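Peer 1: Generate coordinates for the sequence data below:
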Amino acid sequence: GVFAARAEVLAALQPLADVGLDYLRLGQPVPTLSGGEAQRLKLAGHLAASAQARAVRGAAHGALPGPAGKLFLFDEPTTGLHFDDIARLLAAFRKLLAAGHTLLVIEHNLDVIRAADWLIELGPEGGDAGGEVVASGTPAALAAHPTSHTGRALRDYEATMAGLARAAATADGAPARLVAE
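Peer 2: Next up, the predicted model:
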């Protein structure tokens, strides 16, 4: 592209790529963005600010750490995202965490749930039948919880993933064989 040889421009645009917005046109009006795109644009701005703060602190050679991290609240940020974009979003989340920030994410995507440090499941159902803390803990703790809907979904997801991994490991082009013992 036009800016391929301009490292400073590419570095400035990298946060957009980190959150999966590298398809946007420069100068695209913000009102034309979807809600999810607007959330990710804000996230890209914070990633850029964190990178800049790290660079400034690094240039100060041993300066004291910067101010306390921020609390970020994301409301279903994966809605409408492709699987690859979800992976990019999780990588962007890890960058925020590494910069000392805290993330609170309201989400139903099991990949995001599995990547969380701590979960709080509200329920037991939605709407008027919910609003209570059903379970809280690590993803593994919720997966072991007997009445957690999230736990059941995590167990089912893990079983499906394990089955796909076994199928991929045995797929050598030959038809599968059943073996009776």
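Peer 1: residue ranges with poor pLDDT in the chain?
Peer 2: Screening the chain residue by residue with the criterion pLDDT under 70, one finds the ranges 1-5, 54-68, 172-181.
Peer 1: The protein: helices as residue ranges?
Peer 2: If DSSP state H is used as the criterion, the helices of the chain fall at 7-18, 35-59, 83-98, 110-115, 139-144, 149-170.
Peer 1: Report the separation between A162 and G45.
Peer 2: Distance check for A162 against G45: by C-beta to C-beta, to the nearest Å, it reads 39 Å. To be clear about C-beta, it is placed using only N, CA and C from the backbone, and glycine gets the same treatment.
Peer 1: Which one of these two is surrounded by more residues?
Peer 2: More neighbours surround G45 than the other of A162 and G45, with 13 against 10 (other C-beta atoms under 10 Å).
Peer 1: since we're on the closest residue in space to the more buried one that isn't next to it in sequence, how many residues are nearby?
Peer 2: What sits nearest to G45 in space, not counting adjacent residues and going by C-beta to C-beta, 6 or more residues apart in numbering, is P15, at 7.2 Å. Here the count is done by other C-beta under 10 Å, and P15 has 23 residues near it.
Peer 1: can you check V105 too?
Peer 2: The burial metric for V105, expressed as a neighbour count using other C-beta under 10 Å, is 19.
Peer 1: can you pull the contacts of it?
Peer 2: L73, F74, P77, F93, V112, A116 (C-beta atoms under 8 Å, 6 or more residues apart in numbering).
Peer 1: Separate out the buried members of the residues you listed.
Peer 2: With neighbours counted using 16 or more other C-beta atoms under 10 Å, the contacts of V105 contain these buried positions: F74, P77, F93, V112.
Peer 1: I figured E76 hits L89, correct?
Peer 2: No: E76 sits out of contact with L89 when judged by C-beta atoms under 8 Å, with a separation of 11.4 Å.
Peer 1: More neighbours: which of the two?
Peer 2: Each of E76 and L89 has its neighbours counted (other C-beta under 10 Å); L89 has more, 25 against 15.
Peer 1: Test my guess that that one contacts R40.
Peer 2: Yes: with the criterion set as C-beta under 8 Å, L89 and R40 qualify as a contacting pair; they are 7.1 Å apart.
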